[in-house]
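Visitor: Sharing a sequence plus its predicted fold:
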Amino acid sequence: MSSRHIKNSIPISPTLDDFNATDKTNRKTGFSLSAKRLVWICLLAVGIGAAVSLIARLLIAFIHLVTNLSFFGNFKLDFQDPADNQLGLWVLIIPAIGGVIVGLMALYGSKAIRGHGIPEAMEQILVNQSRIRPKTTLLKPISSAIAIGTGGPFGAEGPIIATGGAFGSTLGQFLRVTPRERKALLAAGATAGMSAIFGTPVAAIFLAVELLLFEFSARTILPVALACITGAAGHYFLFEAGPVFPMPILSAASNSALLVYSLIGVLIGVASVGLTKAVYYVEDLFEKLPIHWMWWPALGGLAVGLVGYFAPYTLGVGYQNITNVLSGSMSLAILIPLALLKFVSWCIALGSGTSGGTLAPLLTIGGACGAIAGIASTSIFPGANVSLSMAALIGMAAMFAGASRAYLTSILFALEATSQSSALVPLLAACTGSYLISFFFMRNTIMTEKIARRGVTTPEVYEPDLLRQTTVRRVMKQLFVIPEAAQKTIGEIRKIYRASHSEHRFVTFSVENNAPIGVLSVPEIFAIDADLEAPVASLAKRDILTISESDHLGRAAELLAKSTSPFLIVTSDTRPEEMTGIVTYKEILGCYLRHTRDNREISRSLLPGKQRLRILVKGRLPRSSSY
């Protein structure tokens, strides 16, 4: 028997203390320990948000410094567009030099700095209890600043998201926190970075839900929300107020224009599928090269330099390209090369495994494609009153929605980054169309394909924990209790059981005070080699664990996993000494089976049958019917 008992000596598992610890209430303050933990994690998230905002500012300044050194030969922190360089053919080797440096950092520092960072953060959340190596916090922003500053066609948001996530994870590894709390800190750091760069806290929260947390609960959302608010405050304080992508004020779309925007969203969805497949096709081509992967970023840099020589506007972050596209004043002669060459440069660079983000390139390419589709639609549907700025905006959001399947994030980001509330309905229509195309024609996204190839699957449905929704009372099985059975033999127990005509699978034996002394399964009692003269007390299992009938199955599953016993004795809520049933793995798995079956069964419920159809048509019952 366990050394821990409640009234009448019913044994209680020591592991229950771990579960009850978070439910205890301080009599002086009235707050539970779980509430105190949530407050503590929220305070940490605010601190992470402030720190990541500073890191974001330093990252942008470092990118400007590297850009100025690489393309203009001066030591300044002010922004200068690499497209204005006068290097001529020398521009071919600048991105390649940056690629060599990034390759060396990945080889001798951490391979985790390669790529755009979000897939790596997702992988650590899903398989490694949100643990990211601390040196990633330092190496990721430096490598990204070098890659972008030497002309890499990436955005700064991907590296800062990865860096913020690594910072939150590192802090969570130094402190005594649970894996779930560490996940919240990682997501808080990552989304605070996005909010600090773009000033889009609501979109950043939904980015956490759709790409990092894979859940929606107060214990994770509240810390993330506070970190995003702090990051947004950091953006307004360290960068600038107002929308990050200013554009002309948009008017509400007419029904005909809304139809055109929906069609544009579908077309952008097709483009997003092709774009995603192209990125990983290029990555596969690099895998086949007979040289070490350290040199791949240098080869990608050569391609970036070659494209940048003919189209300098493809170099660097290119946020100004997004603003120009959203203005609605760019011609096809500019939009088509921008979309095509930015895609080629970014696709090869990202496929080579260098360090950089995906959001800014997706927004640039999507916005240009949307503007191109808008110009075409004005020729095909001249009376639809299609706005080129609106077409560019929905193209921008739809490309991100299709490539990442971060549906709500894409819509909210476009709204917050431009402050165009009248674009909500067109954004909903376009992003829905793009998402549907992506869902039906692409198994994985640009965010999940990489980790899917490593055998890591991401959740497709965010559902509440089924086991925590189901109480033990709903699934427990009844016990066959034999009182005063301490000295009875197996043979006597067999006679009692047969005489009862019971179908219960377990038999419990108790002593004078009704406390259980052991449990035997029916197959054990009727085993062929059972010694009929042996006292039942010497054979029955004594490591009895109990659980209250109002507890959820999640607690039951954890208790069973930590115990050598295949069952738990269920006790009454009002009378803890009373045994009310038993629960095993079979009941827990059966709960999952019923839930799965209920969600997969195809049935009719309100569709009328033949008799009801007659009633609807004739307006009265047939004479022979008793309906």
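Guide: Yes, it's here. Residues are numbered from 1 along each chain as shown.

Visitor: Which strands and helices lie in contact with the one helix or strand residue 195 maps to?
Guide: Take DSSP states H and E as the rule and residue 195 turns out to sit in helix 179-198. Where contact means 3 or more Cβ pairs under 8 Å, 6 or more residues apart in numbering; DSSP states H and E, helix 179-198 is packed against helix 33-67, helix 118-127, helix 157-174, helix 201-207, helix 218-238, helix 407-418. Using the backbone N, CA and C atoms, a C-beta is placed for each residue, glycine as well.

Visitor: and after the last one, which helix or strand comes next?
Guide: Spelled out, that is helix 407-418. Assignment by DSSP H and E places the next element after helix 407-418 at helix 424-441.

Visitor: same thing with the longest one?
Guide: Per DSSP H and E, the first helix or strand lying C-terminal to helix 33-67 is helix 94-108.

Visitor: how about that next one: buried residues?
Guide: Residues of helix 94-108 classed as buried by neighbour count (16 or more other Cβ atoms under 10 Å): 94-103, 105-106.

Visitor: can you list contacts of it?
Guide: With Cβ atoms under 8 Å, 6 or more residues apart in numbering as the test, helix 94-108 has contacts from 66, 70-71, 87, 113-114, 139, 142-143, 146-147, 149-152, 293-302, 304-305, 308, 315, 349, 352-355.

Visitor: How far away from the center of its chain is that helix?
Guide: 30 Å (Cα atoms, centre = their mean, to the nearest Å).

Visitor: rewinding a little: quick one, the helix holding residue 195 and helix 218-238 angle?
Guide: 20 degrees (axes from the mean of the first three to the mean of the last three Cα atoms, to 10 degrees).

Visitor: mean confidence score for helix 179-198?
Guide: The pLDDT scores in helix 179-198 average 91.

Visitor: How about stretch 268-278?
Guide: On average, stretch 268-278 scores 94.

Visitor: how about that stretch: buried residues?
Guide: So for stretch 268-278, counting by 16+ other Cβ under 10 Å, buried means 268-269, 271-273, 275-276.

Visitor: got it, and stretch 216-224?
Guide: Buried, per 16+ other Cβ under 10 Å, within stretch 216-224: 219-224.

Visitor: Now do it: everything it contacts.
Guide: 38, 41-42, 44-45, 180-181, 183-185, 187-188, 191, 204-205, 208-209, 213, 462.

Visitor: I'd assumed residue 163 was in contact with residue 121.
Guide: No - counting by Cβ atoms under 8 Å, residue 121 stays clear of residue 163, with 10.1 Å between them.

Visitor: re the thing from before, from the buried residues of stretch 268-278, pick the one nearest residue 559.
Guide: residue 276 (44.0 Å; Cβ to Cβ).

Visitor: what angle do the helix or strand hosting the closest one and helix 424-441 make?
Guide: Using DSSP H and E, residue 276 sits in helix 255-287. Interaxial angle, helix 255-287 versus helix 424-441 (the same axes, to 10 degrees): 40 degrees.

Visitor: which is the next helix or strand following helix 255-287?
Guide: Downstream of helix 255-287, the next assigned helix or strand under DSSP H and E is helix 296-310.

Visitor: elements contacting that next one?
Guide: Right, helix 296-310 is packed against helix 94-108, helix 255-287, helix 332-351 by 3+ Cβ pairs under 8 Å, 6+ apart.

Visitor: And it, what's buried?
Guide: Here helix 296-310 shows 296-309 as buried, counting by 16+ other Cβ under 10 Å.

Visitor: And the pLDDT for residue 548?
Guide: At residue 548, pLDDT is 85.

Visitor: What's opposite it in the beta bridge?
Guide: Beta-bridge pairing of residue 548 under DSSP bridges involves residue 571.

Visitor: Compute the number of surrounding residues for it.
Guide: For residue 548, the count of nearby residues is 16 (other Cβ atoms under 10 Å).
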